[in-house]
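# What would the 3D arrangement of this be:
(2 chains)
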Amino acid sequence: MILSARNLAVSVGLHKVCLSLDLELGPGSRLAILGRNGAGKSTLLATLAGLRPQEAGTLLLEGKPYADWGPRKAAKRRGWLGQDAGEPFASTVLETVLVGRHPHLSRWGWESEEDLAIAQRALAQLGLSGFEAREIHTLSGGEYQRVRLAALLAQGPRLYLLDEPLAHLDLNHQIATLDLFARLAREAGAAVAMVLHDPNLALRYCDQVVLLYGDSRHRAGPAAELLEATILSDLYGHPLRRVENFFVPE
Amino acid sequence: MPARRRAFVVLALLVALSLASLMMALAAGSFAVPLREVLAALSGAETSARAIVFELRLPRALAGFAVGGLLALAGGLMQVLLRNPLADPYVLGISGGAGVGVLFAMLMGLSSLFIPGFAFVGALAAMLLVFGLAHGDGSWTQTRLLLTGVVVAAGCGAIVALLLTLAPEQKVHGMLFWLMGDLSQAVDARPALVMLAAALVIALPFARELNLLARGADLAASLGVEIAALRRIVYFVASLATAAAVTTAGSIGFVGLIVPHLVRLAIGNDQRLLLPAAALAGGSLLVLADTASRTLWAPQQLPVGVLTALIGVPVFLYLLGRK
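Numbering: from 1, shown residues only, chains lettered A, B, ... in the order given. Sure thing, here's the model as predicted:
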């Protein structure tokens, strides 16, 4: 198992996100975390990334707790895409992507030709070849989001934890991004967990889901079982109806 | 050019600039010493200028270099720590604390020998106060630290104003002079030089981690940086560097805010290069500004902060407008 959680309880302040979550992410797994605003999706994802402590339960990355790996070794195995925190200082696209190579370099090491090649490849995978020298503050929101995704690819982990990976992306890049991670799961044996807002994309790209209700209740299970009209209507507090023969982007 | 080789070239150029600025400081003055004689005196020959070079100008030039380097380094570190381009070494109240300490000593009529000690104790007290208060509930956000520092600085400013009003008239001039910052009061450059070397030695191993911290604490943590420890190290190194600078020469403005930006505009924001480059550039700028301040209007001395601004502002605006 790449990531496994047992009886995981997560809370932020007085807000209980979940009380006893069980989760197994093996090679090829794709998990969607769904829920309303403020339900605790990002908090759960950051907990799964080992960036904040859980209240109870065990969380194992490739069989060991995060504390046993140590931050550096964990960073070679687990990548995390947070929500955009803003960049106070100017830098180029290439410098921003090379940030992902940090855990692979020694304390006094500088990025090698190989690291540059990895960064270039990551940029190409996100359709950003030729953007290397661009200043990040001149990019559009969607382009910057793809630069952050490229940095994550350059990090090269086995477990990808993505907090709203589709934020600011246009339709074709939303699909391209989800295809990219689906391919990483299928071909490279990666595991992917992502916070999404669109249950349709979750159904199409994920095999597992965690639904967070925001009142400490949660449901976890196969996407095909849990993503249906009554459960989702209850989750979002808004009636949903299943429609066939709809236009969807291929 | 590969990044590492470029870094060596840039640093070599800045070392040359530093040496040139120091030579100029030794040569220039109301009694001009030709460069050849400066070099002769430095190599140990008994020349007539030996006393002027060694006893008058060298300590002041070295103190200026150390103070400029400390301020630029501390400013660069504070800007990364607070993720705020407007941060400078004084933003967290350290110069305010030193000011309170010094003015108190002056008001009590203590000998000038005690002034550096009181400055250092005041700076240290402000630093620990801000750290303790910002740390209160265990959380340690940049905003909280910045706000705590700004409030402590404001409190110190009020006490400084109070001490100035209470002080007898004949002491006010000396107090104002200290507050403006000035290198003629620098007696011994060695503590500041040692502090500069120590700060660089402690900060440089963490330079690449600082690059990540500048982009966000959570991102840095996810890439394997131990955030809490790193922030503590950076906070204490930057604070002690500022305290050492203020203790040596009062609170000289401008260098700590502008030099890191100047260097960033010229060579980018990689802390592995930026931190040593800012230290060398800050040192050179302050030495040049101090030399100008004591020669331009001789025998009248101009406040060095005025000269750092007069030299730095056009350079900065040029770099900002360049594209």
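
# Centre of the chain to stretch B:287-299, how far?
19 Å (Cα atoms, centre = their mean, to the nearest Å).

# got the contact list for that stretch?
B:18, B:21-22, B:24-25, B:28-30, B:60-61, B:64-65, B:68, B:183-184, B:301-304, B:306-308, B:310-311 (Cβ atoms under 8 Å, 6 or more residues apart in numbering or on different chains). In this view, the C-beta of every residue, glycine as well, is placed from N, C-alpha and C.

# if I pick residue A:116, what's in contact with it?
A:94, A:98.

# if we can go back for a sec, from the contacts of stretch B:287-299, which land in helices?
The members of the contacts of stretch B:287-299 that map onto helices under DSSP state H are B:18, B:21-22, B:24-25, B:60-61, B:64-65, B:68, B:304, B:306-308, B:310-311.

# hmm, which of those are the buried ones?
Neighbour counting by 16 or more other Cβ atoms under 10 Å in any protein chain shown classes B:18, B:21-22, B:24-25, B:60-61, B:64-65, B:68, B:304, B:307-308, B:311 among these as buried.

# Would you mind listing what in the stretch 1-150 of chain B touches chain A?
For the stretch 1-150 of chain B, the residues in contact with chain A (Cβ under 8 Å from any Cβ of the partner chain) are B:2-4, B:79, B:83-85.

# Tell me which two in those residues are the farthest apart.
Across these, the longest distance by Cβ to Cβ is 31.1 Å; it joins B:2 and B:84.

# Dihedrals phi and psi, the closest residue to residue B:217 other than its chain neighbours?
The shortest distance from residue B:217 to any non-neighbouring residue, by Cβ to Cβ, 6 or more residues apart in numbering or on different chains, is to residue B:227 (5.2 Å). Per-residue torsions, residue B:227: phi -60, psi -50 (degrees, to the nearest 10).

# surely residue B:227 meets residue B:221?
Yes: in this structure, residue B:227 is within contact of residue B:221 by Cβ atoms under 8 Å, at 5.0 Å.

# Name the nearest residue to the residue of the stretch 201-323 of chain B found nearest chain A, ignoring sequence neighbours.
Closest to chain A within the stretch 201-323 of chain B is residue B:224: 3.4 Å, counting by Cβ to the nearest Cβ. Sequence neighbours aside, residue A:75 is the residue nearest to residue B:224 in space, at 3.4 Å (criterion: Cβ to Cβ, 6+ apart).

# how about the one you found, what does it touch?
Listed by Cβ under 8 Å, 6+ apart, the contact set of residue A:75 reads A:102-103, A:155, A:157, B:222-224.

# 7 Å - rerun?
By Cβ atoms under 7 Å, 6 or more residues apart in numbering or on different chains, the contact set of residue A:75 is A:103, B:222-224.

# So which bits of the stretch 151-300 of chain B are right by chain A?
Applying Cβ under 7 Å from any Cβ of the partner chain, we find that the stretch 151-300 of chain B lies next to chain A at B:205, B:208, B:212, B:214-216, B:218-219, B:221-226, B:264, B:269.

# Selecting buried members of those residues in ChimeraX, what would you type?
Applying 16+ other Cβ under 10 Å to those, the buried members can be selected in ChimeraX as follows:
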select /B:208,212,214,215,216,218,219,221,222,223,224,225,264,269
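
# could you say which helix or strand contains residue A:5?
strand A:3-12 (DSSP states H and E).

# ok, now residue B:265?
Assigned by DSSP H and E, residue B:265 belongs to helix B:255-267.

# just checking, what packs against that helix?
Packed against helix B:255-267 by the contact rule (3 or more Cβ pairs under 7 Å, 6 or more residues apart in numbering or on different chains; DSSP states H and E) you find helix B:58-81, helix B:271-295, helix B:304-321.

# Taking helix B:304-321 as reference, get the angle to that helix.
30 degrees (axes from the mean of the first three to the mean of the last three Cα atoms, to 10 degrees).

# Touching helix B:255-267 from outside, list them.
With contacts defined as Cβ under 7 Å, 6+ apart, helix B:255-267 is touched by A:89, B:10, B:68, B:71-72, B:74-76, B:79, B:85, B:88-90, B:273-274, B:277-278, B:281-282, B:285-286, B:308, B:312, B:315-316, B:319-320.

# could you check the angle helix B:58-81 makes with it?
Put simply, helix B:255-267 runs at 70 degrees to helix B:58-81, going by the same axes, to 10 degrees.

# Buried ones in helix B:255-267, by neighbour count?
B:255-265, B:267.

# The residue of chain A found nearest chain B: which element?
Nearest residue of chain A to chain B (Cβ to the nearest Cβ) works out as residue A:75 at 3.4 Å. Element membership for residue A:75, per DSSP H and E: helix A:71-77.

# chain center to that helix: distance?
16 Å.

# Check the secondary structure at the closest residue to residue A:172 other than its chain neighbours for me.
Among residues not flanking residue A:172 along the chain, residue A:249 sits closest, at 7.4 Å (Cβ to Cβ, 6+ apart). State at residue A:249, reduced to three classes by DSSP: H, G, I helix; E, B strand; the rest coil: coil.

# again with residue A:33
Criterion first, three-state DSSP; result for residue A:33: strand.

# swap in the one 4 residues further on?
Taken by three-state DSSP, the conformation at residue A:37 corresponds to coil.

# got a list of what residue B:304 touches?
B:181-183, B:252, B:289-290, B:293.

# Can you show me the helices along the stretch 1-150 of chain B?
Counting by DSSP state H, counting those that start in this stretch, the segments of the stretch 1-150 of chain B that form helices are B:3-27, B:35-42, B:50-51, B:58-81, B:94-107, B:115-135, B:142-166.

# Look up how far residue A:50 lies from the residue nearest to residue B:217.
13 Å (Cβ to Cβ, to the nearest Å).

# Same question for residue A:42.
For residue A:42 relative to residue A:50 (Cβ to Cβ), the value is 14 Å.

# neighbour count winner among these two?
residue A:50 (23 against 17; other Cβ atoms under 10 Å in any protein chain shown).

# Around chain B, which positions in chain A sit nearby?
Counting by Cβ under 7 Å from any Cβ, the residues of chain A lying close to chain B are A:49, A:51, A:71-72, A:74-75, A:80, A:82, A:85, A:87-91, A:99, A:102-103, A:107, A:110-111, A:155.

# rerun at 6 Å
Contacts of chain A with chain B, taken as Cβ under 6 Å from any Cβ of the partner chain, map to A:51, A:71-72, A:75, A:80, A:82, A:85, A:88-89, A:91, A:102-103, A:107, A:110.

# Taking those residues, tell me the two that lie furthest apart.
The span of these, defined through Cβ to Cβ, is set by A:51 and A:110 at 26.8 Å.
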